[in-house]
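**Q** can't give you the sequence, but here's the structure:
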DNA sequence: TAAAAGGTTGGAGTGCACTTCAAGCAAGTA
DNA sequence: TACTTGCTTGAAGTGCACTCCAACCTTTTA
């Protein structure tokens, strides 16, 4: 659940540690995504290029898991998949896209800040309503 | 932007103030929803019952606007439309559904709290990444 | 080695929340 | 009264993010 290791290193390291040949169903179990979704991510260009075994089956690396963890965070922000694909493209294009990547993340960041504020305002409304219905069953009511 | 007047009173007052016969396009302008969406909301049972003119055109009241404001808040929480419809049904069924309504709002409330936490964790990741790209253009960088 | 479990593909299907369409009535202005 | 703008309906269409299917190949277990 922590904001981990590999997320930061996805684009900058080349020597991951530990097991490095995960099957699609192992990755599905680890990420909570379905195998279908993982294949779909690859097809639309949201994965950096996944290794294959000599018979053509996918073999994911730690690096891929790190990327998926980051994508998972982006997904939580509500960022459209198309934008995530754009970001993935920028990563593939190399270092000269740093500025654009940063801009994309910053605009995402402000969306998130706005969403948090919205949610907090809905929380206020919900609390008013809930109060209004009274704390009938099991509350530590004053 | 405030958590207003009518929202709280939707289910408990009967004497709204001010103009009380809004056409569908006026309501569209006021709420930001389209006329299409307003008709759709009515069809699926998300509206409390909208008045009609003698020729059959919709005439919305302040009360309806209050309800739509509340629905807007629920929508911001990400609550599925089906659940909002369920809530609307409970309101129509009368006072004996207070407990169930409260339960529904409380479960929505905890979803919101969870969403806020999720968003805050994504914010942390975004900030790490953004930092990582460096504050190149216009930052007050240390 | 045979069966079961798991992997591959392109393409079609699903569920949600609208959104648009077609065809016709209603309301306000010159 | 003619014209324009707006409202009515049911039904079909859209875009997103998956999700499932059929037919076939690979890997693991008994």
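**A** Done, it's in. Nothing here was measured: the structure is a model prediction, and the numbers come from that model. Residues are numbered from 1 along each chain as shown, chains lettered A, B, ... in the order given.

**Q** make it CA atoms for all contacts and neighbour counts henceforth
**A** Noted.

**Q** who in chain A is up against DNA strand D?
**A** Counting by Cα under 7 Å from any atom of the strand, chain A comes close to DNA strand D at A:33-34, A:36-37, A:40, A:53-57, A:75, A:78-82.

**Q** ok, those vs residue B:89, which is closest?
**A** residue A:78 (29.4 Å; Cα to Cα).

**Q** these two touch, right, residue A:133 and residue B:98?
**A** Yes: Residue A:133 lies in contact with residue B:98 (Cα atoms under 8 Å); the separation is 6.4 Å.

**Q** which one of those two has more residues nearby?
**A** Just comparing residue A:133 and residue B:98: by other Cα atoms under 10 Å in any protein chain shown the higher neighbour count belongs to residue B:98, 18 against 15.

**Q** return the list of helices and strands in contact with the host helix or strand of that one.
**A** Secondary structure assignment for residue B:98, by DSSP states H and E: helix B:98-132. Where contact means 3 or more Cα pairs under 8 Å, 6 or more residues apart in numbering or on different chains; DSSP states H and E, helix B:98-132 is packed against helix A:62-76, helix A:98-132, helix B:81-93.

**Q** what do you get if the cut-off is 6 Å, keeping everything else the same?
**A** The contact analysis (3 or more Cα pairs under 6 Å, 6 or more residues apart in numbering or on different chains; DSSP states H and E) places helix B:98-132 against helix A:98-132.

**Q** mind checking how far the helix it packs on is from the chain centre?
**A** How far helix A:98-132 lies from its chain's middle: 17 Å, per Cα atoms, centre = their mean, to the nearest Å.

**Q** check which residues of that helix are buried.
**A** A:98-99, A:101-102, A:104-106, A:108-109, A:112-113, A:115-116, A:118-123, A:125-126, A:129-130 (16 or more other Cα atoms under 10 Å in any protein chain shown).

**Q** same check, this time on stretch A:77-95
**A** Within stretch A:77-95, the residues that count as buried by 16+ other Cα under 10 Å are A:77, A:84, A:85, A:87, A:88, A:89, A:90, A:91.

**Q** which one of the residues you listed sits closest to chain B?
**A** Proximity of the buried residues of stretch A:77-95 to chain B (Cα to the nearest Cα) peaks at residue A:77, which lies at 6.3 Å.

**Q** hmm, residue A:61 is touching residue A:20, no?
**A** Yes: contact criterion Cα atoms under 6 Å: residue A:61 and residue A:20 qualify, at 4.5 Å.

**Q** which of these two has more neighbours?
**A** residue A:61 (20 against 14).

**Q** so who does the more buried one touch?
**A** Residues near residue A:61 by Cα atoms under 6 Å, 6 or more residues apart in numbering or on different chains: A:20, A:21.

**Q** please redo it, this time with the cut-off set to 8 Å
**A** If you count contacts by Cα atoms under 8 Å, 6 or more residues apart in numbering or on different chains, residue A:61 has them with A:19, A:20, A:21, A:22, A:51.
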